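1. What would the 3D arrangement of this be:
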Amino acid sequence: METLQAIHTRRSIRKYAADKVERETIIEVLKAAMAAPSAGNQQPWRFVVIESRETLDRIPSIHPYAGMVPSASCAIMVCGDTSAEKYPGNWMLDCAAAVQNMLLALHDKGLGAVWCGLWPDAARVDSFRALAGLPEHIVPLALVPVGIPDQKTGAHDRFDESKIHWERW
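-> Numbering: from 1, shown residues only. Below you'll find the model as predicted:
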């Protein structure tokens, strides 16, 4: 898949078929996530791959917009390690870039995913920190359920020239 095609056709997928996504595919996608740019090449991202059906089934009770997670093959929690920051305050930007790379890589592999925000909602951060046993310096930013898409999508043109300013506002 060409890069621009991937960008323009990727969609948030919330319905998944029952098939399992292979671990080697998840590792390949995590390699893409770790290829993201980061401030000073600090790479503060950390990942928790959740495959346990019991844990996946619990997630909607702690995240109001994660009702699709129990049908996913797995979910990847993207976290920032604040102790690894060279430039404090940039971990969330770096991790967001990793999430976008991951979403595009998943789409390229024919898989579906959706970005479920955790940070900065304190209750979600605390709940997911407890769910995964995260130490205090690891902050959960996002949860990305992954699966075989079981819904139709298509490209949408989101270009809006009125949001562009040349040289000055």
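2. contacts and neighbour counts: CA atoms only from here.
-> Will do.
3. Show me where this protein has its strands.
-> 45-50, 74-81, 112-113, 116-117, 138-147 (DSSP state E).
4. which of the residues in the first one are buried?
-> Buried residues in strand 45-50, defined by neighbour count with 16 or more other C-alpha atoms under 10 Å: W45, R46, F47, V49, I50.
5. hmm, back to that, next, format the strands of the chain as JSON lines and append distance to A32.
-> Shown next, in JSON lines, are the strands of the chain (distance: least, C-alpha to C-alpha, whole Å):
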{"stretch": "strand 45-50", "distance to A32": "12"}
{"stretch": "strand 74-81", "distance to A32": "13"}
{"stretch": "strand 112-113", "distance to A32": "15"}
{"stretch": "strand 116-117", "distance to A32": "19"}
{"stretch": "strand 138-147", "distance to A32": "14"}
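6. right, and these - which one's nearest F159?
-> strand 112-113 (22.5 Å; C-alpha to C-alpha).
7. tell me what that closest one is packed against?
-> The helices and strands touching strand 112-113, judged by 3 or more C-alpha pairs under 8 Å, 6 or more residues apart in numbering; DSSP states H and E, are helix 91-108, strand 138-147.
8. For Y16, list each beta-bridge partner.
-> P149 (DSSP bridges).
9. Count residues in the vicinity of it, would you?
-> By other C-alpha atoms under 10 Å, 23 other residues sit near Y16.
10. just checking, it touches P145?
-> No - in this structure, Y16 is not within contact of P145 by C-alpha atoms under 8 Å, at 9.4 Å.
11. got any residues that touch both of those two?
-> Common neighbours of Y16 and P145, using C-alpha atoms under 8 Å, 6 or more residues apart in numbering, are A72, S73.
12. who's in contact with the helix or strand bottoming out on mean pLDDT in the chain?
-> Every helix and strand in the chain was compared by mean pLDDT, DSSP states H and E; the lowest is helix 3-9, with a mean of 92. Outside of helix 3-9, the residues within contact range by C-alpha under 8 Å, 6+ apart are L104, H107, D108, G154, A155, H156, D157.
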